[in-house]
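Student: Predicted model and sequence follow; I will ask about them next.
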Amino acid sequence: MDTVYHLDLNSEKIQGAKIALLPGDPFRSQVIAETISGIYGTGNTKLAWKREFCTYLAEIGGIPLLVTSTGIGGPSASIAVDELAQLGIGTFIRVGTTGAIQERVDIGDVIITSGSVRLDGASTHYAPIEYPAVAHHEVINALVEGAKKTKTRYHVGVTASSDTFYPGEERYDSFTKYVLRKFQGATKEWQKLHVLNYEMESSTVLTLAASMGLRGGCITGVVNRGGTGKITKESLKAGEENAIRVAIAATECLV
């Protein structure tokens, strides 16, 4: 097969991989790949880095898997998922960070998304807004097992997935300090509807995977209180490391 344009990958490069872990940050791709190598004593290879898309090939139990960054937000995530699907990837797990909006969720906990509120626009180019952004049950189960195995505190539930970090997550610490009326009070409403957290890619990843008949999932580490909390070096480290550890453990159940 020809090389896909944005990811700069082809079938030969990915060596039969069927699972992809999807961080947002390109530098996190290397962190995840090196963590896998450290746990399993296997190597890893950087396959490509073009724009926001950085891909590593890693290995778990003799099975190859990809780690591909999606960049921030739905549009670039849709490109990553679509082009990986073209290459034969059948399971997609977003691995990232998040802001929690429920008091019972602590910094460093992980949230396993069962479904997402579709506050994005990119996913509507693949399926109408009535189509649910749901995670595949096998991926949810694997992530739960991964959390148990690593003894990581976890929550399973609904995520609000926004196109924007500031207004869409009702943050008032932006340049203008103003949020459009349609978003004012949104966080309280999502809390009442038992939504657990805010992030920016799960709706796109889950909608695309489900609508393509593939497996999608999402695990995020809590780094702040969504809408208000500050992200510190300590909270970022805790949330990131826990999400990565659980995702890797979960992958053992899926390969």
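Tutor: Noted; the coordinates are in hand. Numbers count the residues shown, from 1 in each chain.

Student: When you work out contacts or count neighbours from here on, use the C-alpha atoms and nothing else.
Tutor: Will do.

Student: could you pull out the strands for the protein?
Tutor: In the chain, the strands defined using DSSP state E lie at 19-22, 45-50, 53-60, 63-68, 91-100, 110-119, 133-134, 154-162, 195-199, 215-225.

Student: could these go into TSV alongside mean neighbour count and mean pLDDT?
Tutor: Shown next, in TSV, are these (neighbours: other CA atoms under 10 Å; pLDDT from 0 to 100):
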stretch	mean neighbour count	mean pLDDT
strand 19-22	28	99
strand 45-50	16	99
strand 53-60	24	98
strand 63-68	24	98
strand 91-100	28	98
strand 110-119	26	99
strand 133-134	27	99
strand 154-162	22	99
strand 195-199	26	98
strand 215-225	28	97
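
Student: of all the ones you listed, which lies closest to residue 253?
Tutor: Of all the strands of the chain, strand 53-60 sits nearest to residue 253, with 10.6 Å by CA to CA.

Student: circling back to that earlier point, would you reformat the strands of the chain as JSON lines and include distance to residue 250?
Tutor: Compiled in JSON lines, the strands of the chain are given as follows (distance: least, CA to CA, whole Å):
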{"stretch": "strand 19-22", "distance to residue 250": "11"}
{"stretch": "strand 45-50", "distance to residue 250": "21"}
{"stretch": "strand 53-60", "distance to residue 250": "11"}
{"stretch": "strand 63-68", "distance to residue 250": "13"}
{"stretch": "strand 91-100", "distance to residue 250": "10"}
{"stretch": "strand 110-119", "distance to residue 250": "11"}
{"stretch": "strand 133-134", "distance to residue 250": "18"}
{"stretch": "strand 154-162", "distance to residue 250": "13"}
{"stretch": "strand 195-199", "distance to residue 250": "21"}
{"stretch": "strand 215-225", "distance to residue 250": "10"}
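
Student: Distance from stretch 160-171 to the middle of the chain?
Tutor: 16 Å (CA atoms, centre = their mean, to the nearest Å).

Student: Need the distance between the two termini of it.
Tutor: 14 Å (CA to CA, to the nearest Å).

Student: Could you list the low-confidence segments of this structure?
Tutor: The chain contains residues with pLDDT under 70 at 1, 227-228.

Student: right, so of the strands of the chain, which gets closest to residue 36?
Tutor: strand 53-60 (7.0 Å).

Student: who touches the closest one?
Tutor: 6-7, 14, 26-27, 29-30, 33, 36-37, 40, 42-49, 64-71, 80, 252, 255 (CA atoms under 8 Å, 6 or more residues apart in numbering).

Student: Would you mind writing the CA trace of it as CSV?
Tutor: Extracted in CSV, the C-alpha atoms of strand 53-60 (Å, rounded to 0.1, in the frame of the first residue of the first chain):
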residue,chain,number,x,y,z
PHE,A,53,2.0,12.9,14.2
CYS,A,54,4.8,11.0,15.8
THR,A,55,4.7,7.2,15.5
TYR,A,56,6.7,4.6,17.3
LEU,A,57,6.6,0.8,16.8
ALA,A,58,6.7,-1.2,20.1
GLU,A,59,6.1,-4.8,21.1
ILE,A,60,4.2,-6.6,23.8
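
Student: Direction included, what does that strand pair up with?
Tutor: strand 45-50 (antiparallel), strand 63-68 (antiparallel) (DSSP bridges).

Student: what separates the residue lying closest to residue 52 once chain neighbours are set aside from residue 172, distance-wise?
Tutor: Leaving out its chain neighbours, the residue that sits closest to residue 52 by CA to CA, 6 or more residues apart in numbering is residue 71, at 5.1 Å. To residue 172, residue 71 is 24 Å away according to CA to CA.

Student: repeat for residue 93
Tutor: 30 Å.

Student: same thing with residue 68?
Tutor: Residue 68 is 32 Å from residue 172, by CA to CA.

Student: And residue 22, by the same measure?
Tutor: For residue 22, the distance to residue 172 - CA to CA - is 29 Å.

Student: now swap in residue 31 and tell me
Tutor: 32 Å.
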